[in-house]
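> Show me how the following folds:
(2 chains)
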Amino acid sequence: GAGVSQTPSNKVTEKGKYVELRCDPISGHTALYWYRQSLGQGPEFLIYFQGTGAADDSGLPNDRFFAVRPEGSVSTLKIQRTERGDSAMYLCASSLTRLHEQYFGPGTRLTVT
Amino acid sequence: GENVEQHPSTLSVQEGDSAVIKCTYSDSASNYFPWYKQELGKRPQLIIDIRSNVGEKKDQRIAVTLNKTAKHFSLHITETQPEDSAVYFCAASHNTNAGKSTFGDGTTLTVKP
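Alright, predicted model coming up:
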């Protein structure tokens, strides 16, 4: 079946602009996660959804970052007033439940110029 | 919060030799420890995981050991092959907050033919 997909695969934006990154989880997966990965480092947890609600958003770096999952499937990570330090690979993952294996998407590479 | 340290950062072995990667964690409440393989430009993929109720798990050439008392766990790859070359990440999480996986910074494994 289809895996986790993310769009766009690459996004270049100017400092100060607003961006939206989309994640389509595996069908039927109730848990969805967002991570940020900088070069040479492991994925860094941002936020985790169980169904439609954010079960844990403690990894969001500041209030410029926000994520939604209105129907319990597709999720959008929103970044306002982007800064150069936001440049990274943003990874989405989903799992059947929070107790199951996480499957990662291919990521969106965000570059803020 | 949880802190995961991973060593070594780079590892080079000859084809057929064994490779060992070690991780330590700080939160004694962590009870789920997955290992991911990430090839260049690709998404992380789960290769093996272990829960805290067992000390060792094996899957063909890959094994993971866990020492809860010392709070460390290790990945063992035997009979390495060039296709094992990749970045390997360990992670730790707690069942009740399984979304919040904390990753190590990765080990770049190179298997020389």
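
> does chain B sit close to the helix or strand bottoming out on mean pLDDT in chain A?
Across the helices and strands of chain A, mean pLDDT, DSSP states H and E gives its lowest value to strand A:53-56, namely a mean of 88. Yes - under the criterion of CB under 8 Å from any CB of the partner chain, chain B is reached by strand A:53-56 at A:55, A:56. C-beta coordinates here come from the backbone N, C-alpha and C atoms, glycine included.

> Give me the sheet partners of that strand and which way each runs.
strand A:44-50 (antiparallel) (DSSP bridges).

> Over to residue B:9: give its phi and psi.
The phi/psi pair for residue B:9 (degrees, to the nearest 10) reads phi -80, psi -30.

> ok now do it, which residues does it touch?
By CB atoms under 8 Å, 6 or more residues apart in numbering or on different chains, residue B:9 lies in contact with B:105, B:106, B:107, B:108.

> what does chain A put close to chain B?
A:31, A:33, A:35, A:40-45, A:48-50, A:55-56, A:58-59, A:91, A:95, A:98-99, A:101-107.

> hmm, 6 Å instead?
Within chain A, the residues that sit near chain B (CB under 6 Å from any CB of the partner chain) are A:33, A:41, A:42, A:43, A:45, A:48, A:56, A:98, A:99, A:101, A:104, A:106.

> can you give me the strands in chain B?
B:4-7, B:10-14, B:19-25, B:32-38, B:45-51, B:56-59, B:62-67, B:72-77, B:86-92, B:102-103, B:107-112 (DSSP state E).

> List the neighbouring strands of the last one plus their orientation.
In the sheet containing strand B:107-112, its partner strands are strand B:10-14 (parallel), strand B:86-92 (antiparallel), by DSSP bridges.

> Equivalent analysis for the first one, please.
Strand B:4-7 has these partner strands in its sheet, going by DSSP bridges: strand B:19-25 (antiparallel).

> Keeping just the C-alphas, turn the partner strand into CSV.
Extracted as CSV, the C-alpha positions of strand B:19-25 are listed here (Å, rounded to 0.1, in the frame of the first residue of the first chain):
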residue,chain,number,x,y,z
ALA,B,19,29.9,-3.5,13.5
VAL,B,20,28.7,-2.3,16.9
ILE,B,21,27.0,1.0,17.7
LYS,B,22,26.2,2.1,21.2
CYS,B,23,23.6,4.4,22.7
THR,B,24,23.0,5.6,26.3
TYR,B,25,19.8,7.3,27.5
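
> Could you pick out the residues of chain B near chain A for me?
Near chain A, when you scan chain B using CB under 6 Å from any CB, you find B:43, B:44, B:46, B:89, B:98, B:99, B:100, B:103, B:104, B:105, B:106.

> Take the contacts of residue B:9 and write them to JSON lines, including neighbour count.
Below are the contacts of residue B:9 laid out as JSON lines (neighbours: other CB atoms under 10 Å in any protein chain shown):
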{"residue": "B:105", "neighbour count": "17"}
{"residue": "B:106", "neighbour count": "23"}
{"residue": "B:107", "neighbour count": "22"}
{"residue": "B:108", "neighbour count": "16"}
